[in-house]
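J.: With the sequence up front, the predicted model follows.
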Amino acid sequence: MSKKITASLLLITVILQGCVDQTPLLEQIKRDGTLSIITRNGSTTYYLAPDNQPTGLEYELASLFADHLGVELEVKVVNNLREMFTQVARQDVHFAAAGLTITEQRKNWVRFTRPIQQVSQQIIYRQGPGKRKPHTLPDLYDRHLEVVAHSSHVERLQQLKVAHPRLRWTENERLESEELLDLVKNELVDYIVIDSNELLINQHLYPRLAAAFDITKPEPVAWAFPLTKDTSLYDEANRFIEIIKKDGTLDDVLERHYSHVQQFDHVGTITFLEHVRTRLPQYEEAFKKAAVITDMDWLLLAAMGYQESHWNAEAVSPTGVRGLMMLTNRTAKSLGVKDRRDPFESIAGGARYIRKLHDKLPASIQEPDRMWMAMASYNVGLGHLKDARHITRLRKGNMDKWVDVKDNLPLLRKRKWYRRTRYGYARGNEAVRYVENIRNYYEILHKHFSDQKDPIYIRNLPLIDAAAL
C-alpha cells in the first residue's frame, strides 16, 4: 500500500473518530480517568527525588489539577522544546506544564492559560579573579554566549540582534537550561541565558555564578494547550488556576519551591561544600542511625546539625548551648544525653528532640509545613511558635501554613504583638532564617546524593569539589 493511501486512510479514520465521539474533552478525561501532560526535566519543572518520587513545581501544580478533576496524572518527559510544542499541537498529550513563558511566536503553536508566575531572562556569568561582569549587550560581542535551542531565549536574542548585529550565540540542542549552568561554572562558555527562577533555585549549588543583567522585563509563565475548538479542558485549567490563586494554594507551592533560597548566603555555600567533604563523613553513620530510630530523613538531620554547629562537636554558643546539635543543658537532661560534647550522643538527642517537637504539633498541620514548624520550635521554642501561630490567626492568615507563620514569627520582637501572646518576646526572625537555611542545606545534600542508591561518603561525588566552584 502506498504512503499516500496510508495517509489518506489515517486521515479518514481520525475524521470518523471525531464524528463518533463529540464528548467534550474535559468529560472524556473524567470518564477515562487520566490527564496527560508533557514536561521537561528540571528543578523548576519535574524530576525524581532521591526516593524516586516525582517532584518539581510544575509537576506539583499539574498533580493538584489532576486531583481537582478526580483523575490520575500521566507524565511524559522530552528534552527538546520543539518536540514538546509539536506534541501539544498534535494533541499527543493534553497540555504542556514545563515552565513555558508566553511569547507572540509561541501563540502561533499553542494556547496559553492564565499566568502561574513571572520570570525574566538573565545573562549569567561566572564571578572570580580575572572575570569581568558584563553590563550591556555590547559587552557580549565576540564572546561565547550559549542558549537552549528553540527556547524563548533564542526569540529574544533574535529581537535584540536587530539593534545589535554583532550579537552572536550558539543554540544547544542537547542540554536543558540548568545544564548550561555547568558550562559557565566549568568555564566552557562565557555566558548563558536562563530564566530568573532557574538561577534562583540553583544558585546555592553554583555560588560563583550570578546574573549580570536582564534582557527582558518580567514575563508570564503558563501552561500550553493545543489550538482546538474544544476548549473545555483549557477553560477548566484557567478556572483551577484562578482558584489556587485566590485560596493561597499557588503562593504556598511557590513558597515551598523558592522562598528558602531567596535569602541564602551563597558565599557560605563554598564553606558548606568543603565541610561536607571533610566533616560529614565522620558523623554520617550517626545521623543515619538516629534517623532510623526516629523515622526521619538523615539528610535533614545532617542539615540541621550543620546549621547548629557546622558539624563542630566542640561548638559553644554565648548562652551556653553546646555540642554538634546545640542542646541546652535542660533539654539534654530531659533526653538522657549525659555529655553534650559527645557528637554521637548529641546527634541522637537532637533527633529525638526534633521528633518530639514534630509529634507535639496539632494534627491539622500537614507536611512539609509540620516539619518546618517543628524546626522553628527547635530554634525558638514550641511556646513561641504557638504564639506566632496565634498572631497569624489574628492577622487572618492560615496558622497551619509555614508560608503564613513565617511572616508573623518576626512580629514576636515587636511589643505591639508580643504583649498579646502568652510567652512574650522572642527573636522570631532568627527562627525563620534558621529554617530557611536548613532547607537550603538539605536541598544541596539531596542534590549531591541523588545519583547514589546506597551512599557511603558524600566526598566520593565529583560535584563536591568546592575548589572548582
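T.: Sure, I can see it.
J.: Strands along the stretch 201-350 of the chain, start to end?
T.: Counting by DSSP state E, counting those that start in this stretch, the stretch 201-350 of the chain has strands at residues 209-214, 219-226.
J.: For the ones you listed, state which one has the densest average packing.
T.: strand 219-226 (a mean of 23; mean count of other Cβ atoms under 10 Å). Quick note: C-beta positions are derived from backbone N, CA and C, even for glycine.
J.: what does that strand rub up against?
T.: Strand 219-226 is contacted from outside by 85, 88-91, 94-103, 106, 109-121, 152, 195, 197, 231, 233-234, 237, using Cβ atoms under 8 Å, 6 or more residues apart in numbering.
J.: And stretch 89-97, by the same measure?
T.: 25, 29, 35-39, 45, 58-59, 61-62, 76, 84-85, 87-88, 109-110, 223-228, 233-234, 237.
J.: and these, which are buried?
T.: 25, 29, 35-39, 45, 58-59, 61-62, 84-85, 87-88, 109-110, 223-226, 233-234, 237 (16 or more other Cβ atoms under 10 Å).
J.: Just the ones in helices from those, please.
T.: 25, 29, 58-59, 61-62, 84-85, 87-88, 233-234, 237 (DSSP state H).
J.: and the spatially most central residue of the chain, what is it in contact with?
T.: Compute the mean C-alpha point of the chain, and by Cα atoms, centre = their mean the closest residue is His257, 3.4 Å away. By Cβ under 8 Å, 6+ apart, the contact list for His257 reads Thr44, Leu57, Glu60, Ile201.
J.: so Cys324 sits right up against Gln307, yeah?
T.: One correction, residue 324 is Leu, not Cys. No. Taking contacts as Cβ atoms under 8 Å, Leu324 lies outside contact range of Gln307: 11.1 Å.
J.: more neighbours, those two?
T.: Leu324 (30 against 25; other Cβ atoms under 10 Å).
J.: just to revisit the earlier point, arrange the contacts of His257 in a markdown table, one row each, with distance to Ile293 as further columns.
T.: Listed next are these as a markdown table, based on distance: Cβ to Cβ, whole Å:
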| residue | distance to Ile293 |
| --- | --- |
| Thr44 | 35 |
| Leu57 | 33 |
| Glu60 | 30 |
| Ile201 | 32 |
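J.: so what's the spatially closest residue to Arg168 that is not a sequence neighbour bridging to?
T.: Using Cβ to Cβ, 6 or more residues apart in numbering and skipping residues adjacent in sequence, the residue nearest Arg168 is Leu145, 6.8 Å away. Beta-bridge pairing of Leu145 under DSSP bridges involves Tyr191.
J.: Can you list the buried residues in the top helix by length along the chain?
T.: In terms of residue count, the longest helix belonging to the chain (DSSP H) is helix 428-449. Buried residues in helix 428-449, counted by 16+ other Cβ under 10 Å: 428, 431-448.
J.: Could you dump the strands of the stretch 201-350 of the chain into a markdown table with mean pLDDT and distance to Ser377 added?
T.: Output for the strands of the stretch 201-350 of the chain, formatted as a markdown table (pLDDT from 0 to 100; distance: least, Cβ to Cβ, whole Å):
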| stretch | mean pLDDT | distance to Ser377 |
| --- | --- | --- |
| strand 209-214 | 94 | 35 |
| strand 219-226 | 97 | 35 |
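J.: can I get the ones you listed in a markdown table with distance to Gln158?
T.: What follows is those, written out as a markdown table (distance: least, Cβ to Cβ, whole Å):
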| stretch | distance to Gln158 |
| --- | --- |
| strand 209-214 | 17 |
| strand 219-226 | 15 |
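J.: Quick check: phi and psi on Glu171?
T.: phi -100, psi 120 (degrees, to the nearest 10).
J.: how close does it get to Ile123?
T.: 16 Å (Cβ to Cβ, to the nearest Å).
J.: where in the stretch 301-450 of the chain is pLDDT low?
T.: 318-320, 450 (pLDDT under 70).
J.: still on that earlier bit, how much space between the residue nearest to the centre of the chain and Ser152?
T.: 20 Å.
J.: now do Arg427
T.: Arg427 is 43 Å from Ser152, by Cβ to Cβ.
J.: Show me which of those two is the more surrounded one.
T.: Ranked by neighbour count (other Cβ under 10 Å), Arg427 and Ser152 place Ser152 first, with 23 against 16.
J.: ok, now which ones touch the more buried one?
T.: Leu100, Thr101, Thr103, Arg106, Gln121, Glu219.
J.: Let me know the pLDDT of it.
T.: pLDDT recorded at Ser152 is 92.
J.: Look up phi and psi at it.
T.: According to degrees, to the nearest 10, Ser152 has phi -70, psi -20.
J.: again with the one 5 residues further on
T.: Listed backbone geometry of Leu157 is phi -60, psi -40, with angles given as degrees, to the nearest 10.
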